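Peer 1: When you get a sec, could you give me coordinates for this:
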Amino acid sequence: PELTRKLYDLTTSYQIDAAREVQYDLIRLFDTMIYSAEFPEGFRAAVELRGFRMGQGRQPLSDDQRTDLTVLSRELQCLLSQHGFTDQPVGGCPVGDSNPSSSGEEVGAIVQQVVSELRRRGLM
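Peer 2: Sure thing, here's the model as predicted:
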């Protein structure tokens, strides 16, 4: 909830560029929670990082799923630590993860490619 509040505060104070970066980070956070583990385990891992103990899921987890959750928890902790909502995991975060603008740059490049292709086809 703190990250969405940060997005709201930045948007209402007209800090649109900063809000856009937080939005990209939110997308990365949700994609990580959804696609990196069996649902709802990714969300459970994120909530537990914020200090809420949700208990274990009803379905037993395989060894591979437990390993996936360990990796996922570390990645989520890195994403949340970029905004000061939790500490970095022991051993720190990968250097590349400290640049939240990479998602924005990637999106911008994709948009430019699409626009170029539309112009090439005479659709713009």
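
Peer 1: what distance separates whatever helix or strand Lys6 lives in from the middle of the whole chain?
Peer 2: Applying DSSP states H and E as the criterion places Lys6 in helix 2-12. Chain-centre distance of helix 2-12: 15 Å, with C-alpha atoms, centre = their mean, to the nearest Å.

Peer 1: what mean pLDDT does it have?
Peer 2: Taken as a whole, helix 2-12 carries a mean pLDDT of 92.

Peer 1: Show residues contacting whichever helix or strand comes after it.
Peer 2: Going down the chain from helix 2-12, the next helix or strand is helix 16-35, by DSSP H and E. Applying C-beta atoms under 8 Å, 6 or more residues apart in numbering, the contact partners of helix 16-35 are 3-4, 6-7, 10-11, 42-43, 45-46, 72, 75-76, 79-80, 82-83, 100-101, 103-104, 107. The way it works is simple: take the backbone N, C-alpha and C, and place the C-beta from them, glycine included.

Peer 1: Look up the closest residue to Glu38, ignoring the ones flanking it.
Peer 2: Gln65 (6.1 Å; C-beta to C-beta, 6 or more residues apart in numbering).
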